[in-house]
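>>> sequence and predicted structure are below.
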Amino acid sequence: MDPTRAVVVGGGIGGLAAAVALRRRGWAVTVLERAPALTPVGAAISLTPNAQRALDVVGLGDPVRALSAWQGDGGMRTPGGRWLSRTNSTAATERFGGPVVLLHRATLVDILTSALPSDAVRTGVNGALADPGGLDRAAVVSTPDGDIEAALVVGADGVRSGVRGALFPGHPGPRYSGLTTWRVVVPSPDRPFAPHETWGRGALWGSQPLKDGRVYAYAMAPAPEGERAPDGEKAELLRRFGDWHHPVPGIIAAAGPDGVLRNDVHHMPLPLPAYHAGRVALLGDAAHAMLPTLGQGGNQAVEDAIVLAHHAGSAGDGTDLVAGLATYTEARLPRTTALVRQSARMGRIASLRNPVALAARNTLIAAVSLLGPGVLLRGFAEVADWRPPQRPYAADKRSGA
């Protein structure tokens, strides 16, 4: 068994971040991605200060911030346009040591892959876990081209993870949350607008400017699993959100006929017993799929990657890898389980349809907002205050890094 060989199954953001972090520790890493190319969905991702600190560990925090839009002042609105609460980006930056930033997922994938050798990522390869390995036995990943032995395997293959199924066949896995999402990226409208998330009756909409002059917008609402609009998802958005405040109708109108992505949301309300077994570790949606209501799915995958590399140790240095993976589980399972549950609670609140409950929710949000930005920021501190277990290789000069 080559003690320096690691295989990452899945070439999404979490898998690529793990590959970068492990290479920093001297591992020879191969990423296996079943898709024919690393072409992420046409959507953006917000990176909160906790994930940026994780990226600082591998020297990529500054490149990400340089290519991102820093989230400005905005807040929460009603469909008619009334502001329920306002955010203060300066106060948030000072409180958490950095801003929330937004960039296209393709940009983040490019940044991550640029930190890897050109031959580290193999696309169009379906890797399946054949043997999780053990103390004195390599893990084995099977591919159409043959088996690969590795001292470490990382399952980063998403919510429908085959690696997770192989490790924990008795676990029920993800289930449909009852919610579906739509995402679009379009040119910015002529009339300016403030970043916002708007909560209506059983539905929400968010609009966020990108640095390149485009706008990323997302929507969420209850729907039967697998339901699709017979006349297209743009028409469905117009039915559901076409009479909401500016810039919502204009963003929908700017979307191309095939430019609206729709995905049902699956999550894992029942946590796994562990995020590892043998010489295999799980991260991201493979380990703890959550609703997008806290914006932490991708952020937690990046955290996972950095913590996993830390506990895996430097390649070939004699570290007890199996014990290190147990420590990884101890570090990550409680935090991510809490966020899965918190995201589900937020999803239920955002999906309220009863008029009395809606009025009470909006009144409470407005009342809390009147107490000042410090109160709102305290509610986010548990997420954004996280620090990685090691010092960064770059950006040490940044406050809060």
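Perfect, I can see it now.

>>> and the top strand by length along the chain, how far out from the chain's middle?
Among the elements of type strand in the chain, defined by DSSP state E, the one spanning the most residues is strand 175-187. A distance of 14 Å separates the C-alpha centroid of strand 175-187 from that of its chain, computed with Cα atoms, centre = their mean, to the nearest Å.

>>> so what does that strand touch, helix or strand wise?
Applying 3 or more Cβ pairs under 8 Å, 6 or more residues apart in numbering; DSSP states H and E, one finds that strand 175-187 makes contact with strand 214-222, helix 233-241, helix 248-254, strand 261-267, helix 321-350. Just so you know, the C-beta spots here come from the backbone N, C-alpha and C atoms, and that holds for glycine as well.

>>> what is the last one packed up against?
Taking 3+ Cβ pairs under 8 Å, 6+ apart as the contact definition, the neighbouring helices and strands of helix 321-350 are strand 175-187, strand 261-267, strand 276-277, strand 280-282, helix 285-288, helix 297-312.

>>> which ones are touching the spatially most central residue of the chain?
When the chain is reduced to its mean C-alpha position, the nearest residue by Cα atoms, centre = their mean turns out to be Gly298, at 1.4 Å. Taking Cβ atoms under 8 Å, 6 or more residues apart in numbering as the contact definition, Gly298 lies against Ile13, Gly14, Ile45, Leu47, Ala51, Arg105, Gly284.

>>> switch the helices and strands packed on strand 175-187 over to TSV; also include mean pLDDT and mean neighbour count.
Supplementary listing: the helices and strands packed on strand 175-187 in TSV, determined by pLDDT from 0 to 100; neighbours: other Cβ atoms under 10 Å:
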stretch	mean pLDDT	mean neighbour count
strand 214-222	96	21
helix 233-241	97	19
helix 248-254	97	20
strand 261-267	97	18
helix 321-350	96	18
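
>>> quick one: which of the ones you listed is nearest Arg5?
With Cβ to Cβ as the criterion, Arg5 lies closest to helix 321-350 of the helices and strands packed on strand 175-187, at 11.6 Å.

>>> kindly calculate the angle that that closest one makes with helix 297-312.
160 degrees (axes from the mean of the first three to the mean of the last three Cα atoms, to 10 degrees).

>>> what angle do helix 321-350 and strand 175-187 make?
Using the same axes, to 10 degrees, helix 321-350 lies at 80 degrees relative to strand 175-187.

>>> after helix 321-350, heading C-terminal, what element do we hit next?
Following helix 321-350 in sequence order, the next helix or strand is helix 355-370 (DSSP states H and E).

>>> now for the helix or strand just after that following helix, which elements pack on it?
Per DSSP H and E, the first helix or strand lying C-terminal to helix 355-370 is helix 373-384. Packed against helix 373-384 by the contact rule (3+ Cβ pairs under 8 Å, 6+ apart) you find helix 49-57, helix 89-96, helix 355-370.

>>> list the buried ones in the last one?
Residues Leu358, Arg361, Asn362, Ile365, Ser369 are the ones in helix 355-370 that count as buried (16 or more other Cβ atoms under 10 Å).

>>> so who does the last one touch?
In this case it means Ser369. Contact analysis of Ser369 by Cβ under 8 Å, 6+ apart lists Gly75, Leu84, Ser85, Arg86, Leu376.

>>> dump the residues you listed to TSV, plus neighbour count and pLDDT.
Putting the contacts of Ser369 into TSV (neighbours: other Cβ atoms under 10 Å; pLDDT from 0 to 100) gives the following:
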residue	neighbour count	pLDDT
Gly75	18	92
Leu84	21	93
Ser85	18	91
Arg86	15	89
Leu376	20	71
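
>>> from these, which single one is nearest Pro189?
The shortest separation between Pro189 and any of those is 18.4 Å, and it belongs to Gly75 (by Cβ to Cβ).

>>> in contact with the nearest residue to that closest one once chain neighbours are set aside, which residues?
Spatially, and ignoring its direct neighbours in sequence, Gly75 is nearest to Arg86 (4.0 Å; Cβ to Cβ, 6 or more residues apart in numbering). Applying Cβ under 8 Å, 6+ apart, we find Arg86 in contact with Asp73, Gly74, Gly75, Ser369.

>>> which of these fall in helices?
Taking DSSP state H as the definition of helices, the contacts of Arg86 contribute Ser369.

>>> in strands, which of the contacts of Arg86 appear?
When these are checked against strands using DSSP E, the ones located there are Gly75.

>>> which one of the contacts of Arg86 is nearest to Gly213?
Among the contacts of Arg86, and counting by Cβ to Cβ, the member closest to Gly213 is Gly74, at 17.7 Å.

>>> excluding chain neighbours, what is closest to the closest one?
On the basis of Cβ to Cβ, 6+ apart, the spatially nearest residue to Gly74 that is not a chain neighbour turns out to be Pro195, at 3.4 Å.
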